[in-house]
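Asker: A structural model of the following input is requested.
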Amino acid sequence: MTRKRIPRWESELWSYISSGDGAHCPFYNDCGIRLKGKWCPDDNRENLNRVLDYEQSEPYFYDSTGCGGCGGIFKMVEMLAQKYLEMGKIHSPPVPTALIALCDKRHAVEVREVSLKAYHGAIWWLGDRWVIQLNSNESTSKKRFSLFHEAFHILAHCKASPAFSSRETLQQGSFNELLAEYFALYISMPKEWVREKWAEVHDLDKIAEIFDVPEPVMCLRLRLLGLI
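Answerer: Predicted coordinates for the structure are as follows:
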């Protein structure tokens, strides 16, 4: 039996993540876009995190059209999300949470709801399985988004280095955290689905309900797609 090769873009993604320090974009120091004074997600993580952390209902102005560094790291994260949707044969919203089982086919992924004070979620490696902790005090849509965020960390742990065993080991607001947020954004709200549903309902509350995601992150997705 031949082993399926990893696509080149995915190998590049894990290589970029492995080569960085996790705190900043691996292209940060040499990014021509940033050096020209154009919009940079790394320099605006605090504002982006307010939106993705549900603290801000309306995203501030930003321009994501030129971002991604020389390797288009955000585009690769979106391609990764699409890959797992195709693997799970998911074709319509909302994306089932059972999809996270594909993040590590060799080990079980267990989800536990616990009362968390400082985080929306966390991951732990217990020697023979993964445990994802979700904040039991939050709404279903917030927990679903956090679940997909933590799924990215499992993928990164399995595919890239240095690996990390729990969210607490990372600096809050680090670039790796931002990549995990974008993975959750892309996998829970695929662009073609969002465009199709937005044309049908043209209502933020309703489309957030259809995709079962928090309104602020749906608003951000609509902005990224140029729909609002």
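Asker: Below-threshold pLDDT in the chain: ranges please.
Answerer: 1-4, 47-71, 161-173 (pLDDT under 70).
Asker: for it, what's the longest helix?
Answerer: In the chain, assigned by DSSP state H, the helix with the most residues is helix 140-159.
Asker: which SS class is the most centrally placed residue in the chain?
Answerer: With distances taken as CA atoms, centre = their mean, the residue of the chain nearest its centroid is Phe183 (2.2 Å). Three-state call for Phe183 (DSSP: H, G, I helix; E, B strand; the rest coil): helix.
Asker: Just to check, it is in contact with His153?
Answerer: No - when contacts are counted by CB atoms under 8 Å, Phe183 is not listed as touching His153 (9.1 Å). (C-beta placed from N, C-alpha, C; glycine too.)
Asker: quick one: which helix or strand includes Ile132?
Answerer: strand 129-135 (DSSP states H and E).
Asker: Would you list the strands that that strand pairs with, along with their directions?
Answerer: Sheet pairing of strand 129-135 (DSSP bridges) gives strand 108-114 (parallel), strand 121-125 (antiparallel).
Asker: Deepest in the core, which of the ones you listed is it.
Answerer: strand 121-125 (a mean of 21; mean count of other CB atoms under 10 Å).
Asker: Can you tell me which of the strands paired with strand 129-135 is nearest to Tyr16?
Answerer: Closest approach to Tyr16 among the strands paired with strand 129-135 (CB to CB): strand 121-125, 20.9 Å.
Asker: Please compute how far that closest one lies from its chain's middle.
Answerer: Distance, stretch centre to chain centre, for strand 121-125: 15 Å (CA atoms, centre = their mean, to the nearest Å).
Asker: Now do it against helix 140-159: the angle between them, please.
Answerer: Orientation check (axes from the mean of the first three to the mean of the last three CA atoms, to 10 degrees): strand 121-125 against helix 140-159 gives 30 degrees.
Asker: Break down this structure into its helices, ranges please.
Answerer: Using DSSP H, helices in the chain cover 8-19, 32-35, 45-52, 73-87, 140-159, 175-188, 191-201, 204-211, 215-224.
Asker: and the last one, which residues are buried?
Answerer: In this case it means helix 215-224. By 16 or more other CB atoms under 10 Å, the buried positions in helix 215-224 come out as Pro216, Val217, Met218, Cys219, Leu220, Arg221, Leu222, Arg223, Leu224.
Asker: Please work out the angle formed by the directions of that helix and helix 204-211.
Answerer: Going by the same axes, to 10 degrees, helix 215-224 makes 100 degrees with helix 204-211.
Asker: Any idea how far helix 215-224 is from the middle of the chain?
Answerer: On CA atoms, centre = their mean, the centre of helix 215-224 falls 13 Å from that of its chain.
Asker: If you compare the directions of it and helix 73-87, what angle comes out?
Answerer: Interaxial angle, helix 215-224 versus helix 73-87 (the same axes, to 10 degrees): 110 degrees.
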